[in-house]
Every structure is written in structure tokens, then in C-alpha cells.
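Student: Pasting a predicted model and its sequence here:
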Amino acid sequence: MGQLEDDKLHGKGKMEFGSGAKYIGDWVNGAMTGEGIYIFPNGNMEFGSGAEYTGDWVDGAMTGEGIYIFPNGNRYERRYSQLRYGCVLNYIGFNKFRGDEIRE
């Protein structure tokens, strides 16, 4: 939980979702907006297995620069847009890189 305005999360707060995912960070009118950390549940998302995303959000979407940190320590830094993934800024610990696709 966190700060509320008009019965919506607004300001700093934490949300635990039914899927097991967690978000800790900024909220505006009930949407993840600003800086925050999203912790994925094991195996439920593209970057599952307990990976964390730390970065910018706008209206609940990863937007701006962000970093995925995998449980094994691999890091994946990327600039995001609300509509699609953006460009790769840096990657550490990955075996293969092809175009805009990275695989462990």
C-alpha cells in the first residue's frame, strides 16, 4: 500500500498482484508512473524466473530507460517506449545478440 488520492494510489507505494508480481515505486492516479521496481513472479512473464525491472513508467507501461536484472546476475539495459521495446543500451552476461533480440 501507499499514499492515496481520490481512493487511488498516488505518490509512493507498493502493490502485490494476484500473479505474485510486485511493484514498488511511484503512482499517479492509480497507474505505475515515474520510477519503480517491478519484480516478476517465477516463470509467468517473458523475463520470468524472479527477474526484476527497475526504471521509468508512464500509465503502467515501461517507458524510458530501464534495467532488467536476472537472478543469475545478468543485466539488460534498454530504452523503452509505451508502444514497443526500444533500443538496447547495454547487456551483460548474455551469450547471443541478434538485431534487437537477446537470448541467454
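Tutor: Yep, it's here.
Student: switch to C-alpha atoms for all contacts and neighbour counts from now on
Tutor: Fine.
Student: Which parts of the chain are strands?
Tutor: 2-5, 8-16, 22-28, 31-39, 52-58, 61-69, 75-80, 85-92, 96-98, 101-103 (DSSP state E).
Student: For the fourth one, output the C-alpha coordinates as CSV.
Tutor: Written as CSV, here are the backbone C-alpha positions of strand 31-39 (Å, rounded to 0.1, in the frame of the first residue of the first chain):
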residue,chain,number,x,y,z
ALA,A,31,-1.2,3.9,-12.5
MET,A,32,2.5,3.0,-12.2
THR,A,33,4.1,6.3,-13.3
GLY,A,34,7.5,7.6,-12.5
GLU,A,35,10.4,5.4,-11.1
GLY,A,36,9.7,2.0,-9.8
ILE,A,37,10.9,-1.6,-9.5
TYR,A,38,8.7,-4.4,-10.9
ILE,A,39,9.5,-7.9,-9.6
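Student: Which strands or helices does it pack on?
Tutor: For strand 31-39, the packing partners by 3 or more CA pairs under 8 Å, 6 or more residues apart in numbering; DSSP states H and E come out as strand 22-28, strand 52-58.
Student: Now render the strands of the chain as CSV, adding mean pLDDT and mean neighbour count.
Tutor: Listed next are the strands of the chain as CSV, based on pLDDT from 0 to 100; neighbours: other CA atoms under 10 Å:
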stretch, mean pLDDT, mean neighbour count
strand 2-5, 77, 14
strand 8-16, 88, 17
strand 22-28, 88, 21
strand 31-39, 86, 21
strand 52-58, 82, 22
strand 61-69, 80, 20
strand 75-80, 76, 19
strand 85-92, 50, 14
strand 96-98, 45, 9
strand 101-103, 47, 10
